[in-house]
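Participant: could you work out the structure for the sequence below:
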Amino acid sequence: QKARLFKEQEAQFRDISRRYSVFNEKRQILKLHYPRFVKFHDQGIIGQEQRLNWVETLKSAGAKLKIPSLRYEIDLRQPYTPEFSLSAGPYQIYTSTMRLDLGMLHEGDLVRLLQELDKNAAGLYSIKECSLKRLGAQLRHDPNGQNLSAECRLLWYTIHLSSGDEIVF
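Facilitator: Numbers count the residues shown, from 1 in each chain. Coordinates of the predicted model:
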């Protein structure tokens, strides 16, 4: 009788100890990673796309830098499948492709435009591809002139739960 009671109590103690250990481990993970999670959410990487912000930042940068010609188009959001193995856990990474067509005085306009996006746009993007073309044999020195055109594809990344549920914290 006492031996059986002892075994039950010992099993209960092991179960409580195991649950406490799991809880403590999760608490440590949360303590370590939660600030980064909040930062990514605040930066527009986790959660809803920030398309309006992207467009407003792009237009503002184009006007500020006096880019002679700036056109853009954003495709629908698609699940992202990297070329390498990636365990995303309960999350799904998505990308939205933004096509840029620029008419520029010189190549520095593109660099400065991308720097403005880096500083001011909500979210995370990568340059998928970018090509430059010279627009004629004679260089124009007029600030509104176009000596080069650029066609670029940017991938804007967002992270959501795979289940489709909203991330709440």
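
Participant: the helices in the chain, which residues?
Facilitator: Counting by DSSP state H, the chain has these helices, from start to end: 2-42, 51-64, 108-120.

Participant: what packs against the first one?
Facilitator: Identification of packing neighbours for helix 2-42 by 3 or more Cβ pairs under 8 Å, 6 or more residues apart in numbering; DSSP states H and E yields no helix or strand. From N, CA and C alone the C-beta is placed, and that goes for glycine too.

Participant: could you do the shortest one as well?
Facilitator: Helix 108-120 is packed against helix 51-64, strand 91-104, strand 124-134, strand 148-161, with contacts defined by 3+ Cβ pairs under 8 Å, 6+ apart.

Participant: CSV for those, including distance to Phe84?
Facilitator: CSV is the format used below for the helices and strands packed on helix 108-120 (distance: least, Cβ to Cβ, whole Å):
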stretch, distance to Phe84
helix 51-64, 26
strand 91-104, 12
strand 124-134, 14
strand 148-161, 15
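
Participant: which residues touch Gln43?
Facilitator: If you count contacts by Cβ atoms under 8 Å, 6 or more residues apart in numbering, Gln43 has them with Ala122, Gly123, Leu124.

Participant: go again using 7 Å as the cut-off
Facilitator: By Cβ atoms under 7 Å, 6 or more residues apart in numbering, the contact set of Gln43 is Ala122, Gly123.

Participant: begin at 747 from now on, thanks
Facilitator: Got it, the first residue is 747 from now on, which makes the last one we talked about Gln789.

Participant: per-residue pLDDT, it?
Facilitator: pLDDT recorded at Gln789 is 89.

Participant: same deal with Ala883?
Facilitator: For Ala883, the predicted pLDDT is 66.

Participant: how many neighbours does Ser909 have?
Facilitator: By the measure other Cβ atoms under 10 Å, the count of residues near Ser909 is 9.

Participant: what's the closest non-adjacent residue to it?
Facilitator: The shortest distance from Ser909 to any non-neighbouring residue, by Cβ to Cβ, 6 or more residues apart in numbering, is to Pro836 (7.2 Å).
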